[in-house]
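**Student:** Starting from these lines, generate the structure:
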Amino acid sequence: MANKSTAEKLATIQQGYTLEGATIELGAAIVDGEVHKEAQVRLPLAMMNRHGLVAGATGTGKTVTLHMIAEQLSTAGVPVFLADIKGDLSGLATPATGSEKLTARTSALGQDWSAKNFPVEFLSLGGDGNGIPVRATITSFGPILLSRIMDLNDTQESSLQLIFHFADQKNLELIDLKDLRAVIQFLTSDEGKAELENLGGLSKATAGVILRELVGLEAQGMEKFFGEPEFDTAELLRTAPDGRGVVSCLELPTLQTKPLLFSTFLMWLLADLFEDLPEAGDLDKPKLVFFLDEAHLLFNDASKAFLEAITTTVRLIRSKGVGIFFVTQTPKDVPADILGQLANRVQHALRAFTPEDAKALKATVSTFPVSDYDLEKTLTSAGIGEAVITVMNEKGAPTPVALTRLRAPESVMGPSTDELIRSTVAASSLLVKYGTAVDNVSAYEKLNGQVAAPTGDPAPGLPPVPSSATGASQADIDAEARRIEEEILGRPSSRASTPESYPAPPAPAPAPAPAPQDGMFGDIAGALGGALGGGLKSMVRSMGTQLGRDLMRGVFGTSSRRRR
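**Tutor:** The predicted structure is shown next:
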């Protein structure tokens, strides 16, 4: 309170930030206008999966804060995901250069500074940039996230879910935009009239609206973000040979033209991780820390279903060892249900130039615990590289509020050279796996009676496109599938004895009879596919798809092919 001495205020901070386990060092406390390096402010590494918020006005140092925290997480062996909106975060791959000014600052903070670089993997959405292309299939992306991109209303979103359900039941793989367009065109055609009626709540007019929105996405060039090889989000959990966590840096050079795609794609990454990762409970350090920059883009004009899905993901993914930090200008950019789940706060300066700014300032102050600071004054007068901090301690209680001068990063606070980025990408093991897009047989080819050749060599780990050159008929493949199924499951195959034909003009084949599911079968089929080679691997995958066709989609309606 106001009657406390400086020594008493310092003692409160020192006691509150004296922690036993590994920590992220944030900086030194500022009390009564002076920096006190004996009062270090830190965040328990084990509490990083309790999520957090980094907020502040433009130009107050939020990006540098992310940079500094990411360095320490990597050093601690924790992988990090960062969205590089301005291009500054690529500097993590380049050691910083010392200077007298920097030395004076770090010495005043009690920071033992040395120039370092960190293991960085450069990524880009669909190859839109210099990084490794990150793609997702339409079926994996799911109807809720896709509705978000197409700005569909609740009724249209529900209709899109019915279309996905139809494709799942009919074994029509939705890989890219042309696949989904082909399915909708079939349902709105005379040949698909009966199937459309069977879907109940889906009208021909609504299907037509969705089709037009889909064509609009193609016109904007978004088709390159959807396709194969699909990015395996497990790649975000890697560590370097020296034990440091890999920093996955997603390059976003065209964010301003496609902000909704960017924010929604980040939620796909999180949703896919959520579905894949096992429960982990409380860990000494998180498996991954995920920074969502420009977080307000996630929530602007979001549907109720989308917001509920984000809330569920944030609430539950903590127990899987993943921490999420939302980065935005003010806490009011984040819905209250989500804000209430964020245990760690780094609040940079706010501005109060307008009545709306003043209202946001008061709302922000009200969300902090009682402190020895006049927070309204402190938050409007804090300098660049300073922030008001409170985090969750190892006992689950909030630490004292502390105005903090933040530590300096040890790598370049700016972009790495283009030459370094290109050479890093060229040397990456992920380039071989994801660098070349492929176009396997999917809904478009099946509905049009085509067998398309791939656009490139199939990426490692993906089944090659079946070719008529193999000489194997569909009946032969189905017979072999029945034999393998019986051998694996130890009982008669539930697979039809006659070949199951794919839907082809003028109408798709009837849905196959539901097959019993076996939780282990997907893993066994994947292993068999790898061991037995290309054509048979594709057949085994097809069999696994049939057995898993009725699997529930994830919280966002996602359904990765890896989990089928």
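
**Student:** what separates the closest residue to I138 other than its chain neighbours from F164, distance-wise?
**Tutor:** Nearest non-adjacent residue to I138, counting by C-beta to C-beta, 6 or more residues apart in numbering: L174, 3.9 Å away. No exception for glycine: its C-beta is placed from N, CA and C like everyone else's. Using C-beta to C-beta, to the nearest Å, L174 is found at 7 Å from F164.

**Student:** which element is R422 on?
**Tutor:** Using DSSP states H and E, R422 falls within helix 418-426.

**Student:** what's the next helix or strand after that helix packed up against?
**Tutor:** Helices and strands here follow DSSP H and E; after helix 418-426, the next one along the chain is helix 429-434. On a contact count with 3 or more C-beta pairs under 8 Å, 6 or more residues apart in numbering; DSSP states H and E, helix 429-434 meets strand 132-134.

**Student:** Would you map the strands across the stretch 301-450 of the chain?
**Tutor:** Secondary structure of the stretch 301-450 of the chain (DSSP state E, counting those that start in this stretch): strands at 322-328, 344-347, 386-390, 402-406.

**Student:** Now do the buried residues in the strand with the most length in the chain.
**Tutor:** Using DSSP state E to define each element, the chain has its longest strand at strand 34-44. When burial is assessed from 16 or more other C-beta atoms under 10 Å, strand 34-44 yields the following buried residues: V35, H36, A39, Q40, V41, R42, L43, P44.

**Student:** hmm, back to that, please enumerate the shared neighbours of L174 and F164.
**Tutor:** Both L174 and F164 are contacted by T139, under the criterion C-beta atoms under 8 Å, 6 or more residues apart in numbering.

**Student:** and the angle for the longest strand of the chain with strand 402-406?
**Tutor:** Calculated by axes from the mean of the first three to the mean of the last three C-alpha atoms, to 10 degrees, strand 34-44 forms an angle of 90 degrees with strand 402-406.

**Student:** Centre of the chain to strand 34-44, how far?
**Tutor:** With C-alpha atoms, centre = their mean, to the nearest Å as the basis, strand 34-44 stands 32 Å off its chain's centre.

**Student:** strands paired with the following helix or strand past it, and their directions?
**Tutor:** Toward the C-terminus, strand 34-44 is succeeded by strand 52-55 as the next helix or strand (DSSP H and E). Strand 52-55 pairs in its sheet with strand 322-328 (parallel), strand 344-347 (parallel), by DSSP bridges.

**Student:** circling back to that earlier point, can you convert the strands of the stretch 301-450 of the chain into JSON lines and add a column each for distance to L430?
**Tutor:** Output for the strands of the stretch 301-450 of the chain, formatted as JSON lines (distance: least, C-beta to C-beta, whole Å):
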{"stretch": "strand 322-328", "distance to L430": "20"}
{"stretch": "strand 344-347", "distance to L430": "30"}
{"stretch": "strand 386-390", "distance to L430": "34"}
{"stretch": "strand 402-406", "distance to L430": "32"}
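
**Student:** can you list these in TSV and add mean neighbour count?
**Tutor:** What follows is those, written out as TSV (neighbours: other C-beta atoms under 10 Å):
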stretch	mean neighbour count
strand 322-328	25
strand 344-347	25
strand 386-390	24
strand 402-406	26
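
**Student:** Save those strands as a markdown table, and put in distance to S203 and mean pLDDT too.
**Tutor:** Putting those into a markdown table (distance: least, C-beta to C-beta, whole Å; pLDDT from 0 to 100) gives the following:
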| stretch | distance to S203 | mean pLDDT |
| --- | --- | --- |
| strand 322-328 | 38 | 93 |
| strand 344-347 | 47 | 96 |
| strand 386-390 | 52 | 97 |
| strand 402-406 | 55 | 97 |
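
**Student:** Any idea which of these gets closest to N440?
**Tutor:** strand 322-328 (30.4 Å; C-beta to C-beta).

**Student:** Quick one: residues in contact with that closest one.
**Tutor:** Here strand 322-328 makes contact (C-beta under 8 Å, 6+ apart) with 48-55, 62, 66, 270, 273-274, 277, 286-296, 314, 317, 334, 338, 342, 344.

**Student:** chain center to it: distance?
**Tutor:** Relative to the chain's own centre, strand 322-328 is displaced by 11 Å; criterion: C-alpha atoms, centre = their mean.

**Student:** Export only the CA atoms of it, formatted as CSV.
**Tutor:** C-alpha atoms of strand 322-328 as CSV (Å, rounded to 0.1, in the frame of the first residue of the first chain):
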residue,chain,number,x,y,z
VAL,A,322,0.9,-27.5,-23.9
GLY,A,323,0.9,-23.9,-22.8
ILE,A,324,-0.8,-21.2,-24.9
PHE,A,325,0.1,-17.5,-24.6
PHE,A,326,-2.3,-15.0,-26.3
VAL,A,327,-0.6,-11.8,-27.6
THR,A,328,-2.8,-8.8,-28.2
